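Asker: sequence first, predicted coordinates after that:
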Amino acid sequence: MNGQQKTKMRRRLVLAGIGFGLIALGLALAVETGEIKGKITDENGAGLPGVEITASGPSLQGIRSVLSSKDGDFHIPLLPVGRYSLTFKL
């Protein structure tokens, strides 16, 4: 094999490696996720702002916390599919 053929072979190997890397990245991003949405209200039905909602569960490393909006709405996106426990603190 001469120098030119070796260079072409290296380029092909590098391009193949990049291609496999992109495929692996696509598969990793295709993992199924879910979300939890809700609204926190008082006994009169008015939204409660500033409530801390914490999600925990075996599918999640650690915990995920969000605050309810001024209308009491909350959204916890991109959760691995699984069961969760929620806690609410005001």
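Answerer: Cool, the structure landed.

Asker: residue contacts, the residue nearest to Glu32 when sequence neighbours are not counted?
Answerer: Nearest in space to Glu32, with sequence neighbours left out and distances taken as Cβ to Cβ, 6 or more residues apart in numbering, is Val81 at 5.2 Å. Where C-beta positions appear, they are placed from N, C-alpha and C, glycine not excepted. Contact partners of Val81, counting by Cβ atoms under 8 Å, 6 or more residues apart in numbering, are Glu32, Thr33, Gly34, Ser59.

Asker: which of the residues you listed sits closest to Leu48?
Answerer: Set against Leu48, the nearest of the contacts of Val81 by Cβ to Cβ is Gly34 (24.0 Å).

Asker: quick check: the nearest residue to Lys89 once chain neighbours are set aside vs Leu67, distance?
Answerer: Spatially, and ignoring its direct neighbours in sequence, Lys89 is nearest to Glu52 (4.5 Å; Cβ to Cβ, 6+ apart). Counting by Cβ to Cβ, to the nearest Å, the gap from Glu52 to Leu67 is 6 Å.

Asker: SS state for the spatially most central residue of the chain?
Answerer: Centroid-nearest residue in the chain: Leu78, 3.4 Å away (criterion: Cα atoms, centre = their mean). Three-state assignment for Leu78 (DSSP: H, G, I helix; E, B strand; the rest coil): strand.

Asker: contacts only, for Glu35.
Answerer: Per Cβ under 8 Å, 6+ apart, neighbours of Glu35: His75, Ile76, Pro77, Leu78, Leu79.

Asker: check contacts around Gly34.
Answerer: Leu79, Pro80, Val81.

Asker: neighbours of Ile76, how many?
Answerer: 19 (other Cβ atoms under 10 Å).
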